[in-house]
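Asks: Have a look; sequence and predicted model below, questions after that.
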Amino acid sequence: MSELTERTLNYYRQQQYQPGWFDLLSAMIQGMLQNANESESQLFLQQMGDNLATRYPLAGSQTVGELEQRINDVLARFGWGFVDLQPHENAIVICHMALPPGDGLIEARQWRQALGAVLTGLYSRWLADQGGSTDVPLRCEDPDDETTLNFRYQR
């Protein structure tokens, strides 16, 4: 078992979800998916992620390791899992693990897409605030794993 897989399992073992708030979020996302098209829903959820990043700004980071720690500190407050940042020559890959599981009322793929949109807005704002270019897109890549999303920050 890989270190990150073990870390994900340990994370899930320690989580406690508050009923009510999670149910409200799920009901809101389900309502949005039923009343708006996918593109509109994605844009709205990205905006909500951007707004959330504004409410929870990150302190400046000098290294990728510092940035990863600052992101993980906020995600821990939310109970939203953790990230592993992988710097490449011309990109940064954000591997978000231990995604909050859906409630089973929203199809798993739609739930991951909704979370991916929120996290795209969140990470895009944080990267821009750290000095990244707003012209460089952050793309969510949906792997088959239901507990992980990858984001690529690259031109």
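Replies: In hand now; what should we look at? Residues are numbered from 1 along each chain as shown.
Asks: how about Leu149, secondary structure?
Replies: For Leu149, the secondary-structure state derived from DSSP: H, G, I helix; E, B strand; the rest coil is strand.
Asks: and what of Asp73?
Replies: Secondary structure of Asp73, per three-state DSSP, is helix.
Asks: count of residues packed around it?
Replies: The local packing of Asp73 (other C-beta atoms under 10 Å) involves 13 other residues. For every residue, glycine as well, the C-beta is placed using N, CA and C.
Asks: show me the residues around Trp95 that make contact.
Replies: Careful, residue 95 is Cys; it's not Trp. Under the criterion of C-beta atoms under 8 Å, 6 or more residues apart in numbering, the contact list for Cys95 reads 4, 83-86, 148-151.
Asks: can you put these in JSON lines and add neighbour count and pLDDT?
Replies: As requested, those are exported to JSON lines (neighbours: other C-beta atoms under 10 Å; pLDDT from 0 to 100):
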{"residue": "Leu4", "neighbour count": "14", "pLDDT": "73"}
{"residue": "Val83", "neighbour count": "22", "pLDDT": "97"}
{"residue": "Asp84", "neighbour count": "16", "pLDDT": "97"}
{"residue": "Leu85", "neighbour count": "19", "pLDDT": "98"}
{"residue": "Gln86", "neighbour count": "14", "pLDDT": "96"}
{"residue": "Thr148", "neighbour count": "20", "pLDDT": "91"}
{"residue": "Leu149", "neighbour count": "23", "pLDDT": "95"}
{"residue": "Asn150", "neighbour count": "18", "pLDDT": "96"}
{"residue": "Phe151", "neighbour count": "23", "pLDDT": "97"}
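Asks: nearest to Gly31, of these?
Replies: Taking C-beta to C-beta as the measure, Leu149 is the one of the contacts of Cys95 closest to Gly31, at 22.4 Å.
Asks: and the closest one, bridged to which residues?
Replies: Leu149 forms beta bridges with His96, as assigned by DSSP bridges.
Asks: Let me know whether it touches Leu99 as I believe.
Replies: Yes. Shown here, Leu149 and Leu99 form a contact pair, counting by C-beta atoms under 8 Å, at 6.3 Å.
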